[in-house]
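Asker: Got a predicted structure here, sequence first:
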Amino acid sequence: MQYVSNAAFLLTIYSDHLQTLNRRLICDRGELGSEEVRVFAKSQVDYILGENPKATSYLVGYGSRYPQRMHHRGGSIESYGENKGFIRCTQGYDNWFHRKGPNPNVIVGALIGGPNEKDEFSDDRKNFMQTEAYTYNTASLVGVLAKLHGLEDDGVFNSPLTASR
C-alpha cells in the first residue's frame, strides 16, 4: 500500500494544482480534469479501505474485515493490562510472535504493506512484506483522507470514512 497511498496523496495535491491553474492533465489517451484526478485518487483510497478483490481493509481497525496478525511488536504481545510482568527483549519474540491467533492489541489506523501484485494477501505475522505497518504509508494516507473529508464538507463527494462502515 506504500505506492498506492503515496500516489493517491500526490494525485490530490496535483488535482488542486490543476484546478488552481484551470488546466487539464494531458495523457496519451486523452485529457483529465482536476475532478477526474480526484475521483481516481478516491478510488485508490476505496481500494485500501476494502473495495478490492479480497473485500479486506488494509487499514487496521477499519471496517468489519481487516488484518488480524499484523507484524508489529506492540500489536502481537500481550497488553500490560493483561500481564503486568516484565517482558525481556527476546521474550516478546519468543512468547508471542509465533502464535497463530489474532494480535491481542489492534493498532487502529496503521496501514499495512497489503497484497502482492496478484492481489494475494496472507494475514500472517511472519509475512512482514504484507503485514507490517510503516509510518510513510500511513502518513500519506492521512493527507488523502483529510483532503477527501474536506471535499465532503464542501459537498463535492462522499468521503470514504463516512460512505460505508
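Answerer: It's in.
Asker: quick one, strands of this structure?
Answerer: 25-27, 30-32 (DSSP state E).
Asker: any idea of the mean pLDDT in the first one?
Answerer: The average of the pLDDT scores along strand 25-27 is 92.
Asker: circling back: redo the strands of the chain as JSON lines? Include mean neighbour count and distance to A110.
Answerer: (Each C-beta comes from the backbone N, C-alpha and C, glycine too.) Shown next, in JSON lines, are the strands of the chain (neighbours: other C-beta atoms under 10 Å; distance: least, C-beta to C-beta, whole Å):
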{"stretch": "strand 25-27", "mean neighbour count": "11", "distance to A110": "32"}
{"stretch": "strand 30-32", "mean neighbour count": "12", "distance to A110": "32"}
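Asker: so can I have JSON lines of the ones you listed showing distance to N127?
Answerer: Shown next, in JSON lines, are those (distance: least, C-beta to C-beta, whole Å):
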{"stretch": "strand 25-27", "distance to N127": "36"}
{"stretch": "strand 30-32", "distance to N127": "36"}
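Asker: And those strands: which comes nearest A139?
Answerer: Nearest to A139, of all the strands of the chain, is strand 25-27, at 24.8 Å by C-beta to C-beta.
Asker: And that closest one, how far out from the chain middle?
Answerer: Distance of strand 25-27 from its chain centroid, counting by C-alpha atoms, centre = their mean, to the nearest Å, is 28 Å.
Asker: Touching that strand from outside, list them.
Answerer: Y14, L18, E31, L32, G33, V37 (C-beta atoms under 8 Å, 6 or more residues apart in numbering).
Asker: Could you dump those residues into JSON lines and include distance to T138 and pLDDT?
Answerer: Converted to JSON lines, these look like this (distance: C-beta to C-beta, whole Å; pLDDT from 0 to 100):
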{"residue": "Y14", "distance to T138": "21", "pLDDT": "95"}
{"residue": "L18", "distance to T138": "26", "pLDDT": "96"}
{"residue": "E31", "distance to T138": "33", "pLDDT": "94"}
{"residue": "L32", "distance to T138": "27", "pLDDT": "94"}
{"residue": "G33", "distance to T138": "29", "pLDDT": "95"}
{"residue": "V37", "distance to T138": "22", "pLDDT": "95"}
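Asker: pLDDT weak spots in the protein?
Answerer: 92, 154-165 (pLDDT under 70).
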